[in-house]
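Visitor: here's a sequence, model it:
(one chain, ligands or ions: 1)
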Amino acid sequence: MKWNKFRLTTTTEAEDIVSSMLMDLGIQGVEIEDKVPLTQSDKEQMFVDILPETEADDGVAYLSFYLEEDEDKEKVLADVRVELQDMASYLNVGACTIEESQTEDVDWVNNWKQYFHQFYVDDILIIPSWEEVKPEDNDKMVIHIDPGTAFGTGMHETTQLCIRQIRKYTTPETTILDVGCGSGILGMLALKFGAKYSVGTDLDPCAIEATYENMEVNGISKEMYEVMIGNVIDDKDVQDKVGYGKYDIVVANILADVLVALTPVIVDQLKDGGIYITSGIIDDKEETVVEAVKAAGLEVLEVTYQGEWVSVTARKNG
Ligand SMILES: C[S@@+](CC[C@H](N)C(=O)[O-])C[C@H]1O[C@@H](n2cnc3c(N)ncnc32)[C@H](O)[C@@H]1O
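Guide: This next block holds a predicted model:
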């Protein structure tokens, strides 16, 4: 099936209200393109240390939407124009030109699946739900992960660096805190390596559902873990809920700048002798994190590398 694509030129000021008007008219989804700079919180959740240079915000926004070929596009466009005209009396809706083009049938929901296939992290097989485990892999540790909205399929170098360190330090007595748990992959692997209990935190509400789903498909019972949303760095309630002096391992795979703020706080969450595993550190931020770890009174045990990414492992000496 072919789709008709429409690209409406408006303003950044009007983009939210125009998008919701389009949805109210029955349009199923709207893509927004603009040059509005990312906020600090957007950047933290995107997990990029070096952001590409972007053009200056010119106040223009483009909203694209799609209609099936047999839908009455003239009627929809007429409705859109009437709504835009109304809005123009109280809001700068910009040029309101609508470009039309056609696009081939695309499976919007499943198209991305072609980019995610099973892969290994050392001898661990990570596999999406739509693929099968090959007979020769039956004796391997198999982790089922569907990339969802939360970060953490295991493909990223920093996740792999953390997985190796967690495996090295996990014992049957381990209680682990996974700060920035995303999909829950690190806490889940700690439990697979034999840990007793895992606590995950994240700022992104999607992390809760993703972690529950991933733990369930990997056969991990709800008694073995919990996940909470909030910022352990500056939210006393989250710190209290996470608890003090009770973790054998704290892992945090987050940007270097976030680790700098997190490290002095997380020392209180660790047990004496507990291990702090960090990654998310691009190579030229290695020293910054090492210094922050030492300044918090931790002993640096190891620095490991994969590609341009770094992981720092340290211990809290009692
Ligand atoms: C790189 S992802 C790591 C996901 C997963 N742990 C992994 O290793 O693949 C970083 C995660 O940290 C979260 N995050 C960023 N700042 C945070 C903070 N202050 N507290 C908790 N989570 C945070 C982001 O929302 C994101 O899910």
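Visitor: residues in the stretch 201-318 of the chain within reach of the ligand, list them.
Guide: By C-beta under 6 Å from any ligand atom, the part of the stretch 201-318 of the chain that sits against the ligand consists of 201, 202, 203, 204, 207, 231, 232, 233, 253, 254, 258, 280. Backbone N, C-alpha and C define where each C-beta goes, glycine included.
Visitor: pLDDT score for residue 149?
Guide: Looking at residue 149, its pLDDT is 62.
Visitor: residue 8: which of the residues of the stretch 201-318 of the chain next to the ligand is nearest?
Guide: Nearest to residue 8, judged by C-beta to C-beta, of those is residue 204 at 29.5 Å.
Visitor: check the closest one and give its pLDDT.
Guide: At residue 204, pLDDT is 88.
Visitor: doesn't residue 182 make contact with it?
Guide: Yes. Taking contacts as C-beta atoms under 8 Å, residue 204 lies within contact range of residue 182: 7.3 Å.
Visitor: which of these two has more neighbours?
Guide: Shown here are residue 204 and residue 182; by other C-beta atoms under 10 Å, residue 182 has more neighbours (27 against 16).
Visitor: for that one, what are phi and psi?
Guide: phi 50, psi -120 (degrees, to the nearest 10).
Visitor: so what's it up against?
Guide: Neighbour list for residue 182: 150, 151, 152, 202, 204, 207, 210 [criterion: C-beta atoms under 8 Å, 6 or more residues apart in numbering].
Visitor: give me the element the fifth one is part of.
Guide: Element membership of residue 204 [criterion: DSSP states H and E] is none; it lies in no helix or strand.
Visitor: where do the helices sit along the protein?
Guide: 15-24, 40-46, 73-87, 157-169, 185-192, 206-217, 236-242, 256-266, 286-295 (DSSP state H).
Visitor: winner for burial among the ones you listed?
Guide: helix 185-192 (a mean of 26; mean count of other C-beta atoms under 10 Å).
Visitor: can you name every helix or strand that that one contacts?
Guide: If you count contacts as 3 or more C-beta pairs under 8 Å, 6 or more residues apart in numbering; DSSP states H and E, helix 185-192 packs onto strand 141-144, helix 157-169, strand 175-179, strand 197-202, helix 206-217, strand 225-229, strand 247-253.
Visitor: so what secondary structure elements neighbour the longest one?
Guide: Helix 157-169 is packed against strand 119-121, helix 185-192, strand 247-253, strand 270-282, strand 299-306, strand 309-315, with contacts defined by 3+ C-beta pairs under 8 Å, 6+ apart.
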